[in-house]
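Trainee: Just need the structure, nothing else, for what follows:
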Amino acid sequence: MNKDGVSTSKNDTSTVRRLCSAAIFGVVRGLASAAGAALVTGLIWWIQSH
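Mentor: Residues are numbered from 1 along each chain as shown. Predicted structure coming up:
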């Protein structure tokens, strides 16, 4: 990094990319988990109400 805190090396860039990728993966995994839980809850509710 230079004196302004701007990344100047390839290693810093790849680390940022890896962290962004991990963050996106976590968000997608959380959304999939929430959607799955809602689907199961809805299915159980539908079975019990019919």
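
Trainee: alpha carbons only for contacts and neighbour counts from here, please
Mentor: OK.

Trainee: so where's this protein uncertain?
Mentor: Residue ranges of the chain with pLDDT under 70: 1-9.

Trainee: what helix or strand does the residue sitting nearest the centre point of it sit in?
Mentor: The residue lying closest to the centre of the chain (CA atoms, centre = their mean) is residue 27, at 1.9 Å. Residue 27 is part of helix 10-49, with elements assigned from DSSP states H and E.

Trainee: to the chain's geometric centre, what's the distance from that helix?
Mentor: Centroid displacement of helix 10-49 relative to its chain, using CA atoms, centre = their mean, to the nearest Å, is 5 Å.

Trainee: packing partners for that helix?
Mentor: On a contact count with 3 or more CA pairs under 8 Å, 6 or more residues apart in numbering; DSSP states H and E, helix 10-49 meets no helix or strand.

Trainee: What residues of it count as buried?
Mentor: Buried residues in helix 10-49, counted by 16 or more other CA atoms under 10 Å: none are found.

Trainee: For residue 28, see how far away residue 47 is.
Mentor: For residue 47, the distance to residue 28 (CA to CA, to the nearest Å) stands at 28 Å.
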